[in-house]
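*Asks:* Turn this into a model:
(chains A and B)
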There are 2 protein chains.
Amino acid sequence: MELVDTGSAMQAPDGRRAVQALDEFANAWEARQAIRAGRWRRHTSGLAPAHVQGNLAILPVDLASDFMRFCQSNPKPCPLLAVGQPGNPQLPTLGRDIDIRTDVPAYRVYREGVLVGEVDDLKALWRDDFVAFVLGCSFSFEHGLIDAGIPLRHVDEGKNVAMYRTNIQTVPAGPFHGPMVVSMRPMKAADAIRAVQITARVPRVHGAPVHIGDPSLIGIADIARPDFGDAVRIAPDELPVFWACGVTPQAVVMAARPALCITHAPGYMLVTDMLNRDLPFA
Amino acid sequence: MELVDTGSAMQAPDGRRAVQALDEFANAWEARQAIRAGRWRRHTSGLAPAHVQGNLAILPVDLASDFMRFCQSNPKPCPLLAVGQPGNPQLPTLGRDIDIRTDVPAYRVYREGVLVGEVDDLKALWRDDFVAFVLGCSFSFEHGLIDAGIPLRHVDEGKNVAMYRTNIQTVPAGPFHGPMVVSMRPMKAADAIRAVQITARVPRVHGAPVHIGDPSLIGIADIARPDFGDAVRIAPDELPVFWACGVTPQAVVMAARPALCITHAPGYMLVTDMLNRDLPFA
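*Replies:* Numbers count the residues shown, from 1 in each chain, chains lettered A, B, ... in the order given. As a prediction, this is how the structure comes out:
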């Protein structure tokens, strides 16, 4: 299975920067309408840039309770933005008129933890026992860091963020368990201190870092060899700063090999009506 | 001149812990009355422990404007809690009925930057051109760290906090200029991350750290040899975390060799009516 930090929307899957991406749809509702009508079949980075985007996971109801407990027990890697009612494709707390069957540009279908296909919508696949989960992603906090003038190395190098499996164990719930995956951004100490303050204010998009400094203390043997994404340069005057990563729930769900699981395709997120600027107060 | 982190009130000058110090006066006003009446001639650590204590500096009015600008330009090492009016010994914003001539247990008198004596009160020395400055100290933020369950090595080792001159330059104002002095507390990364969040909320008592990690990046040649205070152990899994220190304005004022300057004696602080718990919202 290919794991991608689908939340690092600053970095488009094709290597272009979000800030350079198209912004035809400043309005989140219009963006979703275009996606629903099939007029937008690309990644969503840069789309309605003031708005929070979310990772999607859909599970049958028999696993939903355990997965919800897993998320609530592990809020840093799994910050739940919304949970749908069984069989109901609407998510009214995230935006006007959202239909989760049609409002994401591309979906991936996994059976027993194995990718079996990618589809444009879920009209044919939707079931009455499906529960939709939307989780916050690092897009919003990277937005806050960039707004604060903190350079992001993977953005500057045109790469995907570096991600690592750690020896930090998540709190298990039912079949869901496994190590936390983290993303790493190298920073000068003064920026790391500001980054803690900035991201601590947005717990719904991973919040404050989980580690700063020596990678071996969280079980990372070689910082130059990330488990996912791309290695980036760390300057001698920089500290590696580690945040809980949205790849964690992806890896945990796939490892549990559920009969069926549907996610968004990497980089093809749900655009919500929530504003990034409101996240510190949400 | 002996420089002491007079703000590290967790550590009494005689090596006892603040938490073990006497707490006869939970009420700040009663504590000041006892000091004023000569019934308390000891250090103030542990006295009225819920209340903010402050560093005192008294300068003639001709230097006061420059010193106030210095503090306002360097808020991390010099967090101004209050400035008196020339010749007026009252500080009504800091507490009921404060008389700065009598409400500190011991004062030190410096002429041309040289310590010339220590007195119990300023009744004989007070002048119509004196301006009193009270600055926040690390007592309050150490209180917050301990409340959050973060161990402080210097407290555990029964030492004064380790302090270092850095190559971080303060913003000069008139005759006041010089390098920032920092205090260092070693912490595990997870505690360092929480410590940033906790102390960022209290800018009036030094606020967030100014550096984390490699001491050489801020001009500290040997972390085992502090310029002031005591060296403490740094474990292999810990990061040194550096905060701007109240010794900075002391050093800067003494280096300016003012004709006259009066401070509190180290550890003998002004007990204010402000509550530590209100600092994040002040």
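
*Asks:* which ones are touching the residue in the stretch 1-150 of chain A that chain B sits nearest to?
*Replies:* The nearest approach of the stretch 1-150 of chain A to chain B comes at A:K76, 11.1 Å away (CB to the nearest CB). Using the backbone N, CA and C atoms, a C-beta is placed for each residue, glycine as well. Contacts of A:K76 were listed using CB atoms under 8 Å, 6 or more residues apart in numbering or on different chains, and they are A:M180, A:P203, A:H206, A:G207, A:V210, A:W243, A:A244.

*Asks:* In a strand, it, correct?
*Replies:* No. The assignment for A:K76, made by DSSP: H, G, I helix; E, B strand; the rest coil, is coil rather than a strand.

*Asks:* what's across from the nearest residue to it once chain neighbours are set aside in the sheet?
*Replies:* Spatial nearest neighbour of A:K76, excluding adjacent residues (CB to CB, 6 or more residues apart in numbering or on different chains): A:A244 at 3.7 Å. For A:A244, the beta-bridge partners are A:V182 (DSSP bridges).

*Asks:* Make CSV from the contacts of A:K76 and add neighbour count to it.
*Replies:* Listed next are those as CSV, based on neighbours: other CB atoms under 10 Å in any protein chain shown:
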residue, neighbour count
A:M180, 26
A:P203, 17
A:H206, 28
A:G207, 21
A:V210, 21
A:W243, 25
A:A244, 26
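
*Asks:* and the closest residue to chain B within chain A, which of the three is it?
*Replies:* Going by CB to the nearest CB, chain B is nearest to A:V196 of chain A, at 4.2 Å. Using three-state DSSP, the structure places A:V196 in helix.

*Asks:* do A:Q33 as well
*Replies:* helix.

*Asks:* hmm, back to that, and the two most separated of the contacts of A:K76?
*Replies:* For the contacts of A:K76, with distances taken as CB to CB, the pair at the greatest spread is A:M180 and A:P203 (15.6 Å).

*Asks:* ok so, going back, could you list every residue that touches the nearest residue in space to the residue of chain A closest to chain B that is not next to it in sequence?
*Replies:* Excluding its sequence neighbours, the residue lying closest to A:V196 (CB to CB, 6+ apart) is B:V196, at 4.2 Å. By CB under 8 Å, 6+ apart, the residues touching B:V196 are A:I193, A:V196, A:Q197, A:A200, B:A208, B:P209, B:I212.

*Asks:* Going along the chain, name the helices of the stretch 101-250 of chain A.
*Replies:* A:138-147, A:153-156, A:189-200, A:247-255 (DSSP state H, counting those that start in this stretch).

*Asks:* what are the phi and psi angles of A:L270?
*Replies:* Per-residue torsions, A:L270: phi -90, psi 120 (degrees, to the nearest 10).

*Asks:* What is the three-state secondary structure of the closest residue to it other than its chain neighbours?
*Replies:* Leaving aside its chain neighbours, A:L270 sits nearest to A:G54 (4.6 Å; criterion: CB to CB, 6+ apart). What three-state DSSP gives for A:G54 is strand.

*Asks:* Alright, calling it a day.
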